[in-house]
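[1] Sequence plus predicted model, see below.
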2 protein chains.
Amino acid sequence: MLRTHTCGELRKEDGDKEVTLCGWVAARRDHGKLIFIDIRDRYGITQVVFVPSVSKDAHDVAQKLGPEFVIKLTGKVVVRPPKMVNADVPTGEVEVCAEGLEILNQAEVPVFEIDDSLDVSEDLRLTYRYLDIRREKLRTSLELRHKLTNLIHSYMDQQQFVNIETPFLTKSTPEGARDFLVPSRLSAGKSFALPQSPQLFKQILMVSGMDRYYQVVRCFRDEDLRADRQPEFTQLDLEMSFVTEEDVFALTEGLFKEIFKQVKGIDIQTPFPRMTHEQAKKEHNSDKPDLRKEGEEFSLTWIVDFPMFKYNEEEKRWESEHHPFTSIKEEDLKYLETEEYGKIRARSYDLVLNGNEIGSGSVRIHKKEMQKKIFDIIGFDEAEAEKRFGFLLKAFEYGAPPHAGAAYGVDRLVAILLGLDSIRDTIAFPKTQKGNCLLTDAPSAVDGKQLKDLGLSLHG
Amino acid sequence: MLRTHTCGELRKEDGDKEVTLCGWVAARRDHGKLIFIDIRDRYGITQVVFVPSVSKDAHDVAQKLGPEFVIKLTGKVVVRPPKMVNADVPTGEVEVCAEGLEILNQAEVPVFEIDDSLDVSEDLRLTYRYLDIRREKLRTSLELRHKLTNLIHSYMDQQQFVNIETPFLTKSTPEGARDFLVPSRLSAGKSFALPQSPQLFKQILMVSGMDRYYQVVRCFRDEDLRADRQPEFTQLDLEMSFVTEEDVFALTEGLFKEIFKQVKGIDIQTPFPRMTHEQAKKEHNSDKPDLRKEGEEFSLTWIVDFPMFKYNEEEKRWESEHHPFTSIKEEDLKYLETEEYGKIRARSYDLVLNGNEIGSGSVRIHKKEMQKKIFDIIGFDEAEAEKRFGFLLKAFEYGAPPHAGAAYGVDRLVAILLGLDSIRDTIAFPKTQKGNCLLTDAPSAVDGKQLKDLGLSLHG
C-alpha cells in the first residue's frame, strides 16, 4: 500500500503517529505561510496543514496543487485543541502536519465541482462519470447497492438457495418486449438473444431438481424510450420447488425485513398486507397503489389475484397478463372449459413499494398439457409453441415439480431506499434515455468487415 | 411448503414422526406385497416402504410409479433395526412407512439414468441438461460453484471492496479477441459490443475514487473453436487504488487460502512462490509450468516479469503481451528511449494453478502521456487511440490514481477444485465447442423483420 491510513480513519487516538495518506485534493486554502488542504478518498476527508518551518519542500509542492490533484503525503497526526475540532467530519479531531508531499498525478480543472449541492446537468455528469462518482451522492448509492446485494447473497445462502448463472447468449424469451440480438459468426445468419429474464432457465433448473435457485442478474429489453427505464437492468431472480405462493411471500418478507433493518435501520411489519387486483383497481384505480399512511416512510403490499388474460382489442386475441407460464387459481379452472377467459384469475402476485411495482412472480404451470392449453388460448399454434418453447414442454415430460418464483428489481429498490429520482443514479455507467452511453460513446459505428463475418450487411 | 422435510433430512431422532416428503422416484423395488422406493431431491435420498395393510391406496398408487415420477408422500418415520441400517446414505437409519402417496407429475422413461457411473455422451447430457443436473456430479459442481462465489462475496466485502456492476451493452474492448456485437435499433446502423472484460470500466472506477472494486462477472469472446473454451465465461474481476503488485498478491493469497480451506479443507501455504517468466521458460519451457511436487494436490505460483511487448513477425509490429494498459518496470523504462522494446519487462503477473493460468493482472498505467506512448509503440496512431480509448485517456486527465488489479477465471477454478475434465461441467447451461446450446437450440434463425429494424440484412 502506498498509504498507512485512509482519509476517513484518523482519530485523536492516532495523535503523534507518522502517517501516509493518498487521495484527491478536495480543497486548498492558502494563507501564505500556512497552506491547508483537505485530502479526500472513498472513506472520508482529512485536513492537512503545510508549515514551511516543518517542511519547506512539502510547502513548495503544496503551492502547486490544484483541485483533484492526486497526492501522497506523509506527516504527523496532530490532535486539535477542543475549540478547533471540526464536528462535521469524523476525522475532525485531528489534522496532519505535512512533512512530505508527492504529486501522484495532476488534474485538469474539473468540468464540475465535486460537490452534491451544485446542480449539474445529467448529460455532463454521465459524460464525466468518473467525476460524478467522486461526489457523495453517487458514491453512497453504489456503496448501498453493494451492501444490498451482499445482504441478498447472505440471506439466500442461509435459506439454502443456490446461486446459478444462466446464459446471456440465449434464445428469444417471451417477456413481451423486444429482444436484443447477438448475431452468431460461427453459425452465420443465425442469432442469439440477450435474455429479458432467466424465466425459462430457472424453470428448467426446477425440473433439474435444484430446488431453490437465485441470481442477481442482468436482464435486457430493447424498449422504446420510456421514463426511467434502462435497456439493461438488474433483478433478484428466484425460484423454489414444492411450494405455494405462501412460501414465496414468507421468503420475500424475510429478505425485505432484513434489507430495511440493515440498510435503513427500520423494522418493517411482516407479513405484508395483501390486496386483490380487483380491490386495488376499484378502490385506488391502480394495480400498484401507494398505500403509505401518514408518517410512514415505506409501504409494502402484495397485490394478488391478477387476471390471467387480457383481451387485446386491436389484435382481437387474448394475451397473458403476467406471462404464459403462470398457473391458474384452482377455483377458476372451470372457466377454461366455458372459455370465459376474462374471469380467470392467475396465481400471480406483484410486490408494490410506495406505489412502485418492485417485483412480481407466480406459481408456475408444471404440466405439459396445461402449458399447451395456455399457449393455445394466447394464439400460439402447436408449431409456434414448439418452435419457441419446445425445450420447456419437453422438459415437462421428464418429471417437473410444482414450482413458484419471483423477480425483484434491484435498481428501483436502491433508488427508493435512497429517495433518488432516477434509477440512473443507482447504476455506475447507465445509458441515457436514448439508450446511449455518454462516457464511451456506445453504440458506435459498425465495421463492415465485422458485419460481413456475421453474414450481415447494412440495410441499403 | 408441500413437504415437512427434505429427502436428506430424516435421522433416527425423527422416529415415529408423521412426515411429508416430495421428490423424484430414484428407484423402485416391487416385492409383491412390499414395495420399496427411494425418493430423491437435491438434499438426499430416503427409503420409503409401501405396505398394503398400512395403506391400500398408497400401495396401489405406488404400483404405477415409474422412474423420475414426481411424488408427494406422507407417512411415519420408522427407525430401522441396527443390522438393517444403510450406512451408505445419511438417512440410512430410518425409512418412511407410507400412508399416502400423490403423483405430482409423471415422467417419461429418462433418456439416460440418473447415475454418474454410467457413461453418457455429452451431446445427450447437454440436450437433456435437466436430467444431467439431477446427477450427483453436476449438482455437486453447481453447489460448489455457489459456495465459491458466496465465499468470494464475503471475503471481498471484508476487504472493503465494493461490488459494482459494469455494462454489458458497451463499446469494443481491447482484449485482442473478437467482440460479440449487439446491433442497436434506436441508433440503427450502430452497434454495442459485449465486454471481453470490464477492464476499462474498472480503471474508470479507480479514477472515480471507488478505491476497491470487484465483480463476479460474465465476459464474452467470439473465438474460433478451441478446446474447453466458452463464448461466455465468468471471472472474479478486481481493481485497487494506491497499491503495488504486492497488495494484489496478498489479497489474492488470502482469498485462495480461504477458498482451499473452505472448499477442500486444505491449508495452502502463503505467500505463493514466485518465478520470473524468463526462469519459467528456461527451466520448464512454459509460461505456466505445473510445479506440483510429489504428493501435492495443488500448486499455486505467481509468474512475474513478463515481457511488455512481443514482436509480431507476420505483421512486422510490436504487440502487447498482456494488454496495453500495463505499466513498465521502473528499471526498464530506459529501454523506451533506446527503443529496445523486446527488453522491457511489464509489471504484470499470472497466477498458475497446477499448470493452468487461472488469472492474471498488472499494475496499470495511470498517466496519459505514458498510455499514449504505449499505444504508439503497438501501432495505434493518435486518431485510432482516440477513437477506441479516448474516454480513458480523457479520464486520465482528471486525477487518475496509481492502481493495479487482476482477474481470475471462476469456471476453470471450479473445474480444477473438483478435478473435472471440462469447464462445461461447472456451467449449468454451457455451449458446445461449436458454440451452440443443445437445450434451447440457440442461436436460431433471425427474423427478417427484426433485422430490418436494426438496419441490417442478411448478406446475399
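    Arrived safely.
[2] C-alpha only now, for contacts and for neighbours.
    Fine.
[3] where's the residue lying farthest from the centre of chain A relative to chain B, distance?
    When each C-alpha in chain A is compared with the mean C-alpha position (CA atoms, centre = their mean), residue A:53 comes out farthest, at 51.6 Å. From residue A:53 across to chain B, the span is 29 Å (CA to the nearest CA, to the nearest Å).
[4] host element of that residue?
    Under the criterion DSSP states H and E, no helix or strand holds residue A:53.
[5] quick one, what contacts it?
    By CA atoms under 8 Å, 6 or more residues apart in numbering or on different chains, the contact set of residue A:53 is empty.
[6] the helices in the stretch 151-300 of chain A, which residues?
    Using DSSP state H, counting those that start in this stretch, the helices of the stretch 151-300 of chain A run over A:199-207, A:245-259, A:277-284.
[7] burial measure for residue A:324, as a count.
    For residue A:324, the number of neighbouring residues by other CA atoms under 10 Å in any protein chain shown comes to 21.
[8] Repeat that for the one 10 residues further on.
    Here the count is done by other CA under 10 Å, and residue A:334 has 14 residues near it.
[9] And it, how far from residue A:325?
    Applying CA to CA, to the nearest Å, the value for residue A:334 to residue A:325 is 18 Å.
[10] Equivalent analysis for residue A:350, please.
    Plainly put, residue A:350 is 15 Å away from residue A:325 if you go by CA to CA.
[11] Comparing the two, which residue is more hemmed in?
    It is residue A:350, of residue A:350 and residue A:325, that has more neighbours when counted by other CA under 10 Å, with 26 against 20.
[12] tell me the most buried of the helices of the stretch 151-300 of chain A?
    Most buried of the helices of the stretch 151-300 of chain A by mean neighbour count (mean count of other CA atoms under 10 Å in any protein chain shown) is helix A:199-207; its value is a mean of 24.
[13] tell me which element the closest residue to residue A:67 other than its chain neighbours falls in.
    Leaving aside its sequence neighbours, residue A:67 sits nearest to residue A:25 (CA to CA, 6 or more residues apart in numbering or on different chains; 5.3 Å). Residue A:25 belongs to strand A:18-31 when assigned by DSSP H and E.
[14] mind checking how far that strand is from the chain centre?
    In terms of CA atoms, centre = their mean, to the nearest Å, the centre of strand A:18-31 is set 34 Å apart from its chain centre.
[15] need the helices for the stretch 1-150 of chain A, in chain order.
    Under DSSP H, counting those that start in this stretch, the stretch 1-150 of chain A gives helices at A:56-62, A:122-127, A:129-132, A:136-158.
[16] so what's residue A:259 up against?
    By CA under 8 Å, 6+ apart, the residues touching residue A:259 are A:148, A:151.
[17] What pLDDT is listed against it?
    Here the pLDDT value assigned to residue A:259 is 97.
[18] next one: the one 4 residues further on
    Residue A:263 is assigned a predicted lDDT (pLDDT) of 93.
[19] Kindly report the same for the one 3 residues further on.
    pLDDT recorded at residue A:266 is 95.
[20] Same check on residue A:174?
    Residue A:174 is assigned 55 on the pLDDT scale.
[21] and what of residue A:226?
    75.
[22] How many residues are close by it?
    So residue A:226, with other CA under 10 Å, has 9 neighbours.
[23] that older thread, and the strand holding residue A:25, what does it pack against?
    Packing partners of strand A:18-31 (3 or more CA pairs under 8 Å, 6 or more residues apart in numbering or on different chains; DSSP states H and E): strand A:34-41, strand A:70-79.
[24] nearest residue to the closest residue to chain B within the stretch 151-300 of chain A other than its sequence neighbours?
    Residue nearest to chain B within the stretch 151-300 of chain A (CA to the nearest CA): residue A:208, separated by 4.1 Å. In this structure, residue A:208 finds its nearest non-sequential neighbour in residue B:130, 4.1 Å apart by CA to CA, 6+ apart.
[25] about what we covered before: most tightly packed of the helices of the stretch 1-150 of chain A?
    Highest mean neighbour count of those: helix A:129-132, a mean of 26 (counted as mean count of other CA under 10 Å).
[26] and it, what's its mean pLDDT?
    Here the average pLDDT along helix A:129-132 is 98.
[27] next one: stretch A:25-41
    Here the average pLDDT along stretch A:25-41 is 95.
[28] Excluding chain neighbours, what is closest to residue A:445?
    residue B:190 (4.5 Å).
[29] show me what contacts the one you found?
    A:443, A:444, A:445, A:446, B:183, B:184.
[30] on that earlier part again, would you reformat the helices of the stretch 1-150 of chain A as CSV and include distance to residue B:39?
    CSV is the format used below for those (distance: least, CA to CA, whole Å):
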stretch, distance to residue B:39
helix A:56-62, 74
helix A:122-127, 56
helix A:129-132, 55
helix A:136-158, 24
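[31] how about those helices, which one is nearest residue A:439?
    Residue A:439 lies closest to helix A:122-127 among the helices of the stretch 1-150 of chain A, at 4.5 Å (CA to CA).
[32] what helices or strands is that closest one leaning on?
    So helix A:122-127, by 3+ CA pairs under 8 Å, 6+ apart, packs with helix A:129-132.
[33] got the contact list for the helix it packs on?
    By CA under 8 Å, 6+ apart, the residues outside helix A:129-132 that reach it are A:110, A:112, A:114, A:125-126, A:138, A:428-429, A:439, B:204-205, B:207-209, B:395, B:398.
[34] quick one: residue A:34 and residue A:54 touch, right?
    No. Using CA atoms under 8 Å as the test, residue A:34 is too far from residue A:54 to be in contact (10.7 Å).
[35] Outline the domain layout of chain A.
    A:12-105, A:130-306+A:346-366+A:401-448 (automatic domain parsing).
[36] can you tell which of those is closest to residue B:245?
    In terms of CA to CA, the element of these nearest to residue B:245 is domain A:12-105, at 17.0 Å.
[37] near chain B, which residues of the stretch 251-400 of chain A show up?
    When proximity is defined by CA under 8 Å from any CA of the partner chain, the stretch 251-400 of chain A lies next to chain B at A:367, A:391, A:395, A:397, A:398, A:399, A:400.
[38] Around residue A:416, how many other residues sit close by?
    For residue A:416, the neighbour count with other CA under 10 Å is 18.
[39] mind checking the SS state of residue A:434?
    Judged by DSSP: H, G, I helix; E, B strand; the rest coil, the three-state class of residue A:434 is coil.
[40] and the nearest residue to it once chain neighbours are set aside, what is it in contact with?
    Closest residue in space to residue A:434, ignoring its immediate chain neighbours: residue A:225 at 6.3 Å, by CA to CA, 6+ apart. Contacts for residue A:225 (CA under 8 Å, 6+ apart) come out as A:433, A:434, A:435.
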